[in-house]
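I would like to see how this sequence folds:
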Amino acid sequence: MNRLKKRWNISSNWQLVSILIVFAITGFSSLQVAKPFLSLIGIPETFQPYWLYRILRLVLIFPIYQVLLVFIGFVFGQFTFFWNFEKKMLYRMRLGFIANFVDEKILKK
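So this is what the prediction gives:
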């Protein structure tokens, strides 16, 4: 636990526990939200070929996870940690322009 606290630059065990809970809830929630979202856009679970349905669902889970991570982090009072975590991930994927846009236009930093 101390290695995670040092790596993430956090000081309390409570903050570490809340961050781990957010990761767990977000992972489960993104899986649950993806299926009805695919149905909403007209791709039912019985879509053929089934392997294509699975690939589409996996591709959809990624952006849902990113949004839910920041939102659920906000609910747990860890918005700053998760927004910084998300920005780091966006920059690594060469999508830093999204983080810059949100910072400038939405968060007004």
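
show me where this structure has its helices.
For the chain, the helices defined by DSSP state H cover 2-7, 13-40, 50-75, 79-92, 96-101.

I'd like those as JSON lines, with mean pLDDT appended.
Shown next, in JSON lines, are the helices of the chain (pLDDT from 0 to 100):
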{"stretch": "helix 2-7", "mean pLDDT": "88"}
{"stretch": "helix 13-40", "mean pLDDT": "93"}
{"stretch": "helix 50-75", "mean pLDDT": "93"}
{"stretch": "helix 79-92", "mean pLDDT": "93"}
{"stretch": "helix 96-101", "mean pLDDT": "89"}
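
and of those, who's closest to residue 107?
Set against residue 107 and scored by CB to CB, the helices of the chain come closest in helix 79-92, at 7.9 Å. Every C-beta, even on glycine, is put in place using the N, C-alpha and C of the backbone.

mind giving me CSV with the helices of the chain and columns for mean neighbour count and distance to residue 108?
Shown next, in CSV, are these (neighbours: other CB atoms under 10 Å; distance: least, CB to CB, whole Å):
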stretch, mean neighbour count, distance to residue 108
helix 2-7, 10, 29
helix 13-40, 15, 24
helix 50-75, 15, 16
helix 79-92, 15, 13
helix 96-101, 14, 12
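
quick check: residue 60 touching residue 40?
No - using CB atoms under 8 Å, residue 60 is not in contact with residue 40; the gap is 10.8 Å.

with adjacent residues omitted, what lies nearest to the most centrally placed residue in the chain?
Closest residue to the average C-alpha location of the chain: residue 66 at 2.4 Å, with CA atoms, centre = their mean. Using CB to CB, 6 or more residues apart in numbering and skipping the chain neighbours, the partner closest in space to residue 66 is residue 86 (6.3 Å).
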